[in-house]
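Enquirer: Pasting the sequence and the predicted coordinates here, then a few questions.
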Amino acid sequence: MAAQNNTVISLDVGERRIGVALASLVARLPAPHGVIASGDTAIEAICDLAAKQQVQVIVVGLPRGLNGQDTAQTQQVRDFTDKLRKVCKLPIHFQDEALTSKQAEQELSDRVVRYTKEAVDALAATYILTDFLQEHPELKE
């Protein structure tokens, strides 16, 4: 029998797209899942995915300024997360997303293949989830 609620999902929330990554709490190896279009149906799509994947926790990348200060984008992500929390009814944690998109662009560029903004967003979500899992070893299946 499969374990219940054994997955963590992370989100890299942007104005146009939300990068998504998933990890099992058993293997703890985050992988890009793709993107969800930002907009009116994004929260419902995330909650549907969370239910389908038996998600225990949602991790949302929190953008900050270079000195760690909140920005306009920080507040947009917080507002989105408040709505998400009310609909999905799952624990949600913020994770600093500093430079994850740049890191994703660099990795994809180093592979010397063409890549899309969607691939960057999904890989950035993977880095966010990797950081979160490393900082929270107590989170278990």
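Expert: Looks like it came in fine. Owing to the predicted nature of the structure, the values given are computational and were not obtained by experimental measurement.

Enquirer: pLDDT weak spots in the protein?
Expert: Counting by pLDDT under 70, the chain shows low-confidence ranges at 1-4, 99, 112, 141.

Enquirer: All the strands of this structure, residue numbers only.
Expert: 7-13, 17-24, 31-37, 55-62, 92-96 (DSSP state E).

Enquirer: Tell me which of those is the most buried.
Expert: Looking across the strands of the chain with neighbours counted as mean count of other CB atoms under 10 Å, the highest average goes to strand 7-13: a mean of 27. For the C-beta atoms, the positions are set from N, CA and C on the backbone; glycine is no exception.

Enquirer: Pairing partners for that strand, with directions?
Expert: Partners of strand 7-13 in the sheet, by DSSP bridges, are strand 17-24 (antiparallel), strand 55-62 (parallel).

Enquirer: how much distance is there from that strand to the middle of the chain?
Expert: Centroid separation for strand 7-13 versus its chain: 3 Å, with CA atoms, centre = their mean, to the nearest Å.

Enquirer: got the angle between that strand and strand 92-96?
Expert: Calculated by axes from the mean of the first three to the mean of the last three CA atoms, to 10 degrees, strand 7-13 forms an angle of 60 degrees with strand 92-96.

Enquirer: Offset the numbering so it begins at 53, please.
Expert: Yep, numbering from 53; the last one is strand 59-65 now.

Enquirer: May I have strand 59-65 exported as CSV, CA atoms only?
Expert: Taking C-alpha atoms only, strand 59-65 is exported to CSV below (Å, rounded to 0.1, in the frame of the first residue of the first chain):
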residue,chain,number,x,y,z
THR,A,59,5.5,14.3,-1.5
VAL,A,60,6.6,17.9,-1.3
ILE,A,61,5.9,20.4,-4.1
SER,A,62,7.8,23.6,-4.6
LEU,A,63,6.7,26.7,-6.6
ASP,A,64,8.7,29.4,-8.3
VAL,A,65,5.9,32.0,-8.7
